[in-house]
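Engineer: okay, structure incoming, though there's no sequence with it:
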């Protein structure tokens, strides 16, 4: 197996994306490592969720310790689609390390950040 293949073969439980509905809000719980394979699944799921038009979509980053460029691209896709459909998109639980990536990439201005789920739901 090449190094790239090993990197993309994280245990299945580490790649799980969970979707919860709280009232009219859809919460997407992201896994600890958002790599290419997870980002592809994430983009597909977010597309389906956004087409169902929940008034609010929240991305839960509280378990995310690493996100690759493909994961950031999936987040930008969600932001663009939510804006197009007039949906509210929020992001919460972002670690300082991941926040730094959003800032360096100059995409932090496209998202509304919350410290935790409670403030995101109230927000």
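Structural biologist: Noted; the coordinates are in hand. From a predicted model like this one, the values you see are computed outputs, not experimental measurements. Numbers count the residues shown, from 1 in each chain.

Engineer: report the residue spans of this structure with pLDDT below the cut-off.
Structural biologist: Along the chain, the parts satisfying pLDDT under 70 run over 1-14.

Engineer: just the helices from it, written as ranges.
Structural biologist: Counting by DSSP state H, the chain has helices at residues 3-7, 36-51, 69-85, 96-104, 117-122.

Engineer: adding distance to residue 17 and mean neighbour count, write the ones you listed out as TSV.
Structural biologist: In this view, the C-beta of every residue, glycine as well, is placed from N, C-alpha and C. Converted to TSV, the helices of the chain look like this (distance: least, Cβ to Cβ, whole Å; neighbours: other Cβ atoms under 10 Å):
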stretch	distance to residue 17	mean neighbour count
helix 3-7	18	9
helix 36-51	6	17
helix 69-85	10	17
helix 96-104	16	14
helix 117-122	16	14
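
Engineer: export the ones you listed to CSV and tack on distance to residue 22?
Structural biologist: Formatted as CSV, these follow (distance: least, Cβ to Cβ, whole Å):
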stretch, distance to residue 22
helix 3-7, 34
helix 36-51, 13
helix 69-85, 17
helix 96-104, 23
helix 117-122, 6
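
Engineer: please consider this matter closed, and thank you.
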